[in-house]
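Student: I would like to see how this sequence folds:
(2 chains)
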Amino acid sequence: MSDDAELLQRIRDGAPDDFAEIVRRHQSRVFAILHRYERDGQRVEDLAQETFLKVWRALGQFDGRAPLEHWISRIAVRTALDHLRKDKRRKNEIGFPELGEDALDWLRSDDEKSELDARSAAELLALAMRELSPDDRVVITMQEIEGCPVREISAVLGVSGIAVRVRAVRARAKLKRALEKIDKDGQLQPAQSTKGET
Amino acid sequence: MNEKKLKQLFSAARREPAPAPNPDFAADVLRSVRQEAQSKSPDQFSIFDQLNRWFPRAALAAAAVIVLCVAADYGLTAAGLPELSDSVSQASSQLFFDVEDL
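Tutor: Okay, the predicted model is just below:
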């Protein structure tokens, strides 16, 4: 089995069908990244397709200094960020999804040992994240869920490392407030969504 | 919402499995790549590339026209008919004198 560099060389030498192998190798990672930003399975697949088309178009720019997986992951996060920016207005118009009882019970519980299942946690987090701007969502998701270093986040957002750290602190505070609102009201209201954020 | 609870939430959300790609996903991507390559292929040629592509055909067409003209000239000479160049000079001198007469 040839490695990514060999496959890329074959594609550059005129064997575009080998790109399918690149897709097969990295599709799980791309789906996992995109699923952090979009919960609808069909939309995740559309975004994954868009990601790989961008990868195909930019293959000539890949210099091989970083592993291909990192480069593809970065393109996936940028695709997700574009999607969040486009989608923000539409989501404000259609209102907020219902949250399961498990998540609300966990949120209201004072027992620090009570655990929340992964799906409910992701739903609760996705709901609270809707109070954040797309850039804030990317910072929180990359830092807290993906465990990415600050330099990786700054490369995706095109800002300095200090700007990422400042944004992360503010985004975390906003997220806490959003969770407290859900805790208090049992739901977020569309009218409470933030406006004019970048 | 305290910090510990927030970390618990992140930790639990991190464990959620992502949806699996459908088995034909890679083939679908490749199809899209091919469609895009086909739809963009005419733009990838510069005007010089286009000329280079057309040059062999244009050169063959020009050679065929020259061969036809030479063959017609020889044919007319062999048949005892006036050459094409004679007819042309005759026609032009007639026109010249006609104009002068006016």
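
Student: can you give me the strands in the chain?
Tutor: Here I'm looking at chain A. Shown for chain A, no strands are assigned by DSSP state E.

Student: Would you mind naming what in it lies close to chain B?
Tutor: A:16-17, A:19-21, A:23-24, A:27-28, A:31-32, A:34-35, A:41, A:44-45, A:48-49, A:52-53, A:56, A:112, A:115-122, A:124-125, A:144-145, A:172, A:175-176, A:179-180, A:183 (C-beta under 8 Å from any C-beta of the partner chain). Just so you know, the C-beta spots here come from the backbone N, C-alpha and C atoms, and that holds for glycine as well.

Student: filter those to the buried ones?
Tutor: A:19-21, A:23, A:27, A:31-32, A:34-35, A:44-45, A:48-49, A:52-53, A:56, A:116, A:119-122, A:124-125, A:144-145, A:172, A:175-176, A:179 (16 or more other C-beta atoms under 10 Å in any protein chain shown).

Student: tell me the domain boundaries of chain A?
Tutor: A:1-94, A:97-198 (automatic domain parsing).

Student: Quick one: closest of the ones you listed to residue B:23.
Tutor: domain A:1-94 (10.0 Å; C-beta to C-beta).

Student: Just the buried ones among the residues of chain A next to chain B: which are in helices?
Tutor: A:19-21, A:23, A:27, A:31-32, A:34-35, A:44-45, A:48-49, A:52-53, A:56, A:119-122, A:124-125, A:172, A:175-176, A:179 (DSSP state H).

Student: Let me see the mean pLDDT of the lengthiest helix in chain B.
Tutor: The single longest helix within chain B, with elements called by DSSP H, is helix B:47-78. Here helix B:47-78 scores 84 as its mean pLDDT.

Student: helices and strands around that helix, which ones?
Tutor: On a contact count with 3 or more C-beta pairs under 8 Å, 6 or more residues apart in numbering or on different chains; DSSP states H and E, helix B:47-78 meets helix B:84-101.

Student: For the closest residue to chain B within chain A, which non-adjacent residue is closest in space?
Tutor: Proximity of chain A to chain B (C-beta to the nearest C-beta) peaks at residue A:121, 3.4 Å away. For residue A:121, ignoring the flanking residues on the chain, the nearest one in space by C-beta to C-beta, 6 or more residues apart in numbering or on different chains is residue B:12 at 3.4 Å.

Student: from what I can see the one you found touches residue A:119, true?
Tutor: No. Contact criterion C-beta atoms under 8 Å: residue B:12 and residue A:119 do not qualify, at 9.0 Å.

Student: who are the neighbours in contact with the spatially most central residue of chain A?
Tutor: With distances taken as C-alpha atoms, centre = their mean, residue A:37 lies nearest the centre of chain A, 3.8 Å away. With contact set as C-beta atoms under 8 Å, 6 or more residues apart in numbering or on different chains, residue A:37 has these partners: A:80-81, A:83-84, A:137-138, A:141.

Student: And for residue A:81?
Tutor: A:37, A:134-135, A:138, A:156-157.

Student: how much space between it and residue A:33?
Tutor: 11 Å (C-beta to C-beta, to the nearest Å).

Student: got a list of what the single nearest residue of chain B relative to chain A touches?
Tutor: When scored by C-beta to the nearest C-beta, chain B has residue B:12 as its residue closest to chain A, at 3.4 Å. Counting by C-beta under 8 Å, 6+ apart, residue B:12 makes contact with A:115-118, A:120-122.
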